[in-house]
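> With the sequence up front, the predicted model follows.
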Amino acid sequence: MSAIRHLLQLSGKLLIAMPGMGDPRFEKSVVYLCAHSDEGAMGLIINKPLKGLSFSDLLEQLGIPSAPGARPVRVHFGGPVEHARGFVLHSGDYGGDRDSTLRVDGRFAMSATVDVLADIARGDGPARALLALGYAGWGPGQLEGEIQQNGWLTCEAAPELVFDEADATKWERALRTLGIDPLMLSAAAGHA
């Protein structure tokens, strides 16, 4: 019972894909869990930048003007569900629309409207942000089962790791926060 209760407290944590995940879309993925309850889970992959689509391209497509000097935001593949829909994972300093911003904890929030993009383009948005197209979703009990089958490890989500621009090293660095050398991992699972 305590293991299940522990698993139900994963909102705001990182999922780290184990070797042998089985789903190539999640190979070496690091997922920030925005929401997790007995009804399922929703997260954003934070280490897979989209190639060929920049923040300025997206703003142009949406007809949002960008102020001179506005900082760009990296665009990521957020997951295989609703890949045409955008989600902005950002620091907790941004108020945004209370109805469209999910406050995960004091350090992280997620907004899913064009308002946050317009605010970022004006230079009024959150101090730190990343944009994800699509999300990763799990039905009731599905994520817990994948964790029990050694598909994922979990760790604390440090803003320095989540918002860092070095996407290519996030998987290894997330593992190292647990004291795990990525070279020592095996795709084979064992049970004692």
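Arrived safely. Residues are numbered from 1 along each chain as shown.
> Below-threshold pLDDT in this protein: ranges please.
1-8, 96-98, 186-192 (pLDDT under 70).
> Do a quick rundown of the helices in it.
2-7, 55-62, 114-122, 142-148, 159-162, 170-177 (DSSP state H).
> Columns mean neighbour count on top of those, output as TSV?
From N, CA and C alone the C-beta is placed, and that goes for glycine too. Output for those, formatted as TSV (neighbours: other Cβ atoms under 10 Å):
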stretch	mean neighbour count
helix 2-7	10
helix 55-62	15
helix 114-122	20
helix 142-148	17
helix 159-162	16
helix 170-177	19
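> Identify whichever of those helices lies nearest to Gly92.
Using Cβ to Cβ as the measure, helix 159-162 is the one of those that comes nearest Gly92, at 9.1 Å.
> Pull the residues that contact the closest one.
Identification of contacts with helix 159-162 by Cβ atoms under 8 Å, 6 or more residues apart in numbering yields 14, 32, 46, 89, 91, 107-108, 128, 130, 170, 173-174, 177.
> and it, how far from the chain's centre?
Helix 159-162 has its C-alpha centroid displaced from the chain centroid by 11 Å (Cα atoms, centre = their mean, to the nearest Å).
> Now do the strands in the protein.
Counting by DSSP state E, the chain has strands at residues 13-17, 30-37, 40-45, 75-77, 81-91, 101-103, 108-111, 129-138, 152-156.
> Export those strands to TSV and append columns for mean neighbour count and distance to Gly69.
Below are those laid out as TSV (neighbours: other Cβ atoms under 10 Å; distance: least, Cβ to Cβ, whole Å):
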stretch	mean neighbour count	distance to Gly69
strand 13-17	24	31
strand 30-37	22	28
strand 40-45	24	27
strand 75-77	21	19
strand 81-91	18	19
strand 101-103	17	25
strand 108-111	24	22
strand 129-138	22	16
strand 152-156	17	33
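> Out of the ones you listed, the one nearest Glu146 is which?
Nearest to Glu146, of all the strands of the chain, is strand 152-156, at 5.7 Å by Cβ to Cβ.
> And for the closest one, what's in contact with it?
10, 13-18, 31, 143, 146-147, 174-175, 177-178, 180.
> Who does Trp152 form a beta bridge with?
In this entry, Trp152 is beta-bridged to Ala17, by DSSP bridges.
> neighbouring contacts of stretch 54-61?
Applying Cβ under 8 Å, 6+ apart, the set of residues contacting stretch 54-61 is Pro65, Ser66, Pro72, Val73, Arg74, Val75, Gly86, Leu117, Ala121, Leu131.
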